[in-house]
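A.B. asks: A predicted structure for the sequence below; I have some questions about it.
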Amino acid sequence: MVRMLRPFTRAVTYTRWLHLAMAIVWPALWLFIDEAWWTVGSATVLLALAGLVPAMRVVEGLQARLLLTGHRDGGEGPEIVVASSSTWGDRGRMVVWLQARLFLGVLVTQLCVQLLLLTLDLVSTSFGDERAGDAWLAVEGPHRWHALLAPLPLAVAAGVVVGSGHLITRIALRLLGPSPDERLAALEERTEQLLERTRIARELHDSIGHALTVAVVQAGAARAAGDPAFTERALSAIEETGRAALEDLERVLGVLRESEKPVSARPTLADADRLLESARAAGAKVDAEVSGPVESVPGPVSREGYRILQESLTNVLRHAGAVPVRVRVQVAGDSVVLAVRNPLPAGTSGSGRGSGLRGIRERAALLGGRARTGPDAGDWQVHAELPLS
């Protein structure tokens, strides 16, 4: 019983009925002025013409959102579009919507009125009135037991109000919802947002992870060495790495805030020397070979290549420590080859399932290239090939 009464405690039940009643206000006034049924046909024609106006979709969408779903402003609303009709398909659906709203509004209003009149007839005949009522069901009287039947038409009217509200909402979601083109555009926008969030997450993981790894390794080495000169060099390396990480963090946060202020450019392979020196300062014995016109590499390829190299060196420092590292950056033909090799520490499983290694493979795949990570002949290798075009 409580479940059956629950819809009548929700405001949207009554706003849906109001939405249907509003659809027949002006045709009812017109019919009151000129009592001819042809005025209903004229109203139908005018609604069909109004549905062809692009702005009508905005008006009906706002009404449907507010009255049928209870959605106002802010947040993700239901699938009811508040935008002008851009295609003839949108206009056609608007015409059908206006006709359906008018038809259902007239039907529900007439039915509720007749049911209320039937209730009054049952009450009046139960008190001895012998006249038949004006409802579409004639009630002969007097009969005392009619008082027991009086609540039934009210219950039916309540069910009609609730059911018609659900029906008009379903119709609205169908006819006022996004078209296939709009759904595709929204899906593409959502995909772009997810890709951007993933890219930002990788940027933070690579840049901040690299800086923290260098700082931890340098601080540990300085404590173990006990040499003031070495400690001074370690602190300088930590300071430089931290400053670069702060620049990266500022740029990423600027993107998240959508700030209009320009942020510093992302580093490219032309800045690889900074990475190599940072790794050497952390104790790694880096043997680097850079060949080819690195400065001419296209921006997206050069930036992603820098991040791949950064994550590779970070993994060396994090998992292998101060070991010999061979780094090769070769720009030749139509591709860039990045190769990083270091001795595989004893006891390392070499599963290659970390998020950083996954990020390396994802970066290469997004550029149409490929990357291999894992053990190779007793070494750990990262080998990435990125196309220039």
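C.D. replies: Structure's in. What do you need? Numbers count the residues shown, from 1 in each chain.
A.B. asks: so who does residue 54 touch?
C.D. replies: Residue 54 sits next to 84, 85, 86, 90, 91 when contact means CB atoms under 8 Å, 6 or more residues apart in numbering. Placement of C-beta: from N, CA and C, glycine included.
A.B. asks: ok, of the residues you listed, which one's closest to residue 322?
C.D. replies: Ranked by distance to residue 322 (CB to CB), the contacts of residue 54 are led by residue 86 at 62.6 Å.
A.B. asks: give me the number of residues near the residue lying closest to residue 344 once chain neighbours are set aside?
C.D. replies: Leaving aside its chain neighbours, residue 344 sits nearest to residue 380 (4.8 Å; criterion: CB to CB, 6 or more residues apart in numbering). Neighbourhood size, residue 380 [other CB atoms under 10 Å]: 24.
A.B. asks: partners of the helix or strand residue 380 falls within in the sheet?
C.D. replies: Assigned by DSSP states H and E, residue 380 belongs to strand 379-387. If you go by DSSP bridges, strand 379-387 pairs up with strand 335-343 (antiparallel), strand 370-376 (antiparallel).
A.B. asks: got a list of contacts for that strand?
C.D. replies: Around strand 379-387, the neighbours that count as contacts under CB under 8 Å, 6+ apart are 301, 304-305, 308, 312, 315-316, 319-320, 334-344, 348, 350, 357, 360, 364, 367-375.
A.B. asks: and stretch 294-304, by the same measure?
C.D. replies: With CB under 8 Å, 6+ apart as the criterion, stretch 294-304 contacts 266-270, 272, 305, 329, 331, 336, 363-364, 366-367, 386-388.
A.B. asks: report the next helix or strand after the lowest-mean-pLDDT helix or strand in the chain in sequence order.
C.D. replies: When the helices and strands of the chain are scored by mean pLDDT, DSSP states H and E, helix 25-33 comes last with a mean of 62. Later in the chain than helix 25-33, the nearest helix or strand by DSSP H and E is helix 38-51.
A.B. asks: all helices for the stretch 151-300 of the chain, in order.
C.D. replies: Using DSSP state H, counting those that start in this stretch, the helices of the stretch 151-300 of the chain run over 151-175, 180-225, 228-257, 272-281, 299-315.
A.B. asks: can you list the buried residues in the shortest one?
C.D. replies: Judged by neighbour count (16 or more other CB atoms under 10 Å), helix 272-281 contains these buried residues: 272, 275, 276, 278, 279, 280, 281.
A.B. asks: please identify which helix or strand holds residue 345.
C.D. replies: Going by DSSP H and E, residue 345 is not in any helix or strand.
A.B. asks: quick test: name the residue nearest the centre of this protein.
C.D. replies: residue 190 (4.9 Å; CA atoms, centre = their mean).
A.B. asks: do you know how far it is from residue 45?
C.D. replies: Going from residue 190 to residue 45 by CB to CB, to the nearest Å gives 40 Å.
A.B. asks: repeat for residue 378
C.D. replies: Taken as CB to CB, the span from residue 378 to residue 45 is 85 Å.
A.B. asks: equivalent analysis for residue 173, please.
C.D. replies: 26 Å.
A.B. asks: could you do residue 216 as well?
C.D. replies: Per CB to CB, residue 216 is found 77 Å from residue 45.
A.B. asks: these two: which is more packed in?
C.D. replies: A count of neighbours by other CB under 10 Å puts residue 216 above the other of residue 216 and residue 45, at 14 against 9.
A.B. asks: any idea how far residue 241 is from the more buried one?
C.D. replies: Distance, residue 216 to residue 241, by CB to CB: 11 Å.
A.B. asks: over to residue 272?
C.D. replies: Distance from residue 272 to residue 241, by CB to CB: 15 Å.
A.B. asks: same question for residue 24.
C.D. replies: Going from residue 24 to residue 241 by CB to CB gives 72 Å.
A.B. asks: so which strand or helix has residue 83?
C.D. replies: Residue 83 belongs to no helix or strand when assigned by DSSP H and E.
A.B. asks: what's the neighbour count on it?
C.D. replies: 13.
A.B. asks: ok, now residue 297?
C.D. replies: Neighbours of residue 297 under the rule other CB under 10 Å: 21.
A.B. asks: ok, now residue 173?
C.D. replies: Per other CB under 10 Å, the neighbour tally for residue 173 reads 15.
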